[in-house]
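In: Got a sequence here, can you model it:
(chains A and B)
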Amino acid sequence: MKYMLMMNCPYDGYDQFMNWPKSDIEAHIAFMRTFTQKLARAGEFVSGEGLSAPTQAKVVRAGNDGRPITDGVFPEAKEFLAGYWIVDVGSPERAYQIAAEASAAPGPGGKPFNMPIEVREVMSGPPTTDR
Amino acid sequence: MTKALDDDAERLLRDLAPQVLGAVCRRFRDFAACEDAVQEALIAASTQWPRDGVPSNPRGWLIQVALRRMTDHVRSEIARRDRENVAAEETPVVVAPALYSEPEMDPDDTLVLLFMCCHPELSPASAIALTLRAVGGLTTAQIAKAFLVLEATMAQRISRAKQSVKGASEAFCLPDAAERAQRLALVLHVLYLVFSEGYTTSSGSALHRTDLSDEAIRLTRAVHRMLPQDAEVTGLLALMLLTDARRVARTGARGELIPLDEQDRRLWNRDSIVEGVALVSAAFSKGAVGEYQLQAAIAAVHDEAPRAADTDWPQILALYGVLLRMNDNPMVTLNHAIATAMVHGPQAGLELLKALDDDERLRGSHRLEAVRAHLCERAGEHERAVTLYRLAAAKTTSIPERDYLVMRAARLSEDLASR
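Out: Numbers count the residues shown, from 1 in each chain, chains lettered A, B, ... in the order given. Below you'll find the predicted structure:
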């Protein structure tokens, strides 16, 4: 079964990260790189992407004429997707375990950052109605 | 378990691909279908050759298999039309050509195919995909992997591209002399894009991406063999070789980006540099001066400096000056400002950057902030540099580059704090 693991952050999450001490930034980057490689080696990695900073984000709606109307003003409490992994695993527990590992990525002072990782199953099961 | 082709056989197959396609297109004039037939022949070879050995006449073997596929295709097309048209007399008569004679080969075929694949009607992404498949002999799966998209998406992109060039493919000949220069510029641009695509990533699938640089160099070499007198073709090949020579030194052990002035120059590929420099000199001896040639000349100046401090910046500045007069491209202006800073000091460079502040073409790009940050750092304006590095980091879409800019800001800000 496939799960999407979503790493969220506040609007200024990237700015906060950029203001960490150099060695902490280094440790965090190294963790993320190894983490994905480990998933790939385990045969569990399907895909994953890191997204650019929320400050570049736009919300788009179609106007009355169908043309795009973009807005870059967001409610203060809004969480933004910073990146995601899609993993193919044998059980939901395994997906939670991987998510916990990602959540414990080193933060300021090298301590586990414990960021929230949203885990959602990808709709990829076969239809069962006609069996 | 089927055996895979060894490297020599794979290279042979890819070199033969455009020749085979040219021969089949000359017979049938249906580029889209011929291209599919050749692709099937290539796939057949990659499963049969490892088992049975490479045939004594590999080109003939491939042409034969592709022609057979085409004949099957034509037969089934006739049958389909017969089913659809009750009035059978409306069906055009299609004569299947004789199968086993060695078809004519025209050395220009590869060039005809390149002009077709880099057609002005195609978007760069489509032209790249079609070129890699029809001329490069890559499979759809390989191309999809290199561009990190699904195979079905890439297959669709290629098939739509083939439909768009239908008109051009029926004629199957070189564009006339008046159009040729303009169209050649497009071909070179597409090859350059393929090269950059491979060169500028160093993340996850680095392996597949660097294959793209090799492929671009291989194809540009082929164009150079066909048009040895063209200074821009020579210039582009030189530019690729001189840039690619630094590939290994450009990324550190942890995948991090290493800027030119901090690279271990002992890791640079001497053979590529020697060949590239010789090509640049040859291109300049031909009289005409083009953009790729100038870019290659600049790359050569960098590559020939034993240490970063030995770089002949006045020479580079002069070359960018010429380039700037030829092309009003903000990226050239940026590089011209960097060269100016290296020769006349960072303030002079920063002064030139002001001209780009309102340039729409740089909107959304991180390059202006990144260059300004570097120059501010050199000018001792460290606080401003930190802010600009972070601004650039928030805008770039390359993860290695983002990491590099973030680290640069962190280092500088720690230096500031410890003062």
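
In: Tell me which residues of the helix ranked longest in chain A come out buried.
Out: Taking DSSP state H as the criterion, chain A has its longest helix at helix A:22-41. Judged by neighbour count (16 or more other C-beta atoms under 10 Å in any protein chain shown), helix A:22-41 contains these buried residues: A:22, A:24-33, A:35-36, A:39. In short, each C-beta sits where N, CA and C put it, glycine included.

In: Identify the farthest-apart pair in the residues you listed.
Out: Maximum pairwise distance among the buried residues of helix A:22-41 (C-beta to C-beta): 26.8 Å, between A:22 and A:39.

In: quick one: low-confidence parts of chain A?
Out: The model of chain A has pLDDT under 70 over residues A:129-131.

In: residue ranges of the strands in it, please?
Out: A:2-10, A:45-50, A:59-62, A:68-71, A:79-88, A:117-121 (DSSP state E).

In: Could you save those strands as JSON lines and add columns showing distance to chain B and mean neighbour count?
Out: Formatted as JSON lines, the strands of chain A follow (distance: least, C-beta to the nearest C-beta, whole Å; neighbours: other C-beta atoms under 10 Å in any protein chain shown):
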{"stretch": "strand A:2-10", "distance to chain B": "13", "mean neighbour count": "19"}
{"stretch": "strand A:45-50", "distance to chain B": "6", "mean neighbour count": "15"}
{"stretch": "strand A:59-62", "distance to chain B": "15", "mean neighbour count": "9"}
{"stretch": "strand A:68-71", "distance to chain B": "13", "mean neighbour count": "10"}
{"stretch": "strand A:79-88", "distance to chain B": "10", "mean neighbour count": "18"}
{"stretch": "strand A:117-121", "distance to chain B": "19", "mean neighbour count": "15"}
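
In: ok and the longest helix of chain A relative to strand A:45-50, angle-wise?
Out: 150 degrees (axes from the mean of the first three to the mean of the last three C-alpha atoms, to 10 degrees).

In: Sketch out the low-pLDDT regions of the stretch 1-150 of chain B for me.
Out: Short version for the stretch 1-150 of chain B, where the test is pLDDT under 70: B:1-2, B:85-107.

In: All the helices of it, residue numbers only.
Out: Ranges of helices in the stretch 1-150 of chain B, per DSSP state H, counting those that start in this stretch, are B:7-28, B:31-52, B:58-84, B:109-117, B:124-134, B:140-146.

In: Determine the set of other helices and strands touching the first one.
Out: Helices and strands in packing contact with helix B:7-28 are listed as helix B:31-52, helix B:58-84, helix B:109-117, helix B:124-134; criterion 3 or more C-beta pairs under 8 Å, 6 or more residues apart in numbering or on different chains; DSSP states H and E.

In: buried set for it?
Out: Neighbour count says helix B:7-28 has B:9, B:12-14, B:16-28 buried, by 16+ other C-beta under 10 Å.

In: same question, the shortest one
Out: By 16+ other C-beta under 10 Å, the buried positions in helix B:140-146 come out as B:140, B:142-146.

In: Kindly report the same for stretch B:123-134.
Out: B:126-134.

In: just stretch B:240-251 next, same as before
Out: In stretch B:240-251, the ones that count as buried by 16+ other C-beta under 10 Å are B:240-247, B:249-251.

In: Please enumerate residues in contact with it?
Out: Applying C-beta atoms under 8 Å, 6 or more residues apart in numbering or on different chains, the contact partners of stretch B:240-251 are B:192, B:195, B:199, B:202, B:206, B:210, B:213, B:216-217, B:220, B:257-258, B:260, B:263-265, B:267-270, B:272-273, B:275-277, B:279-280, B:296, B:299-300, B:302-303, B:400.
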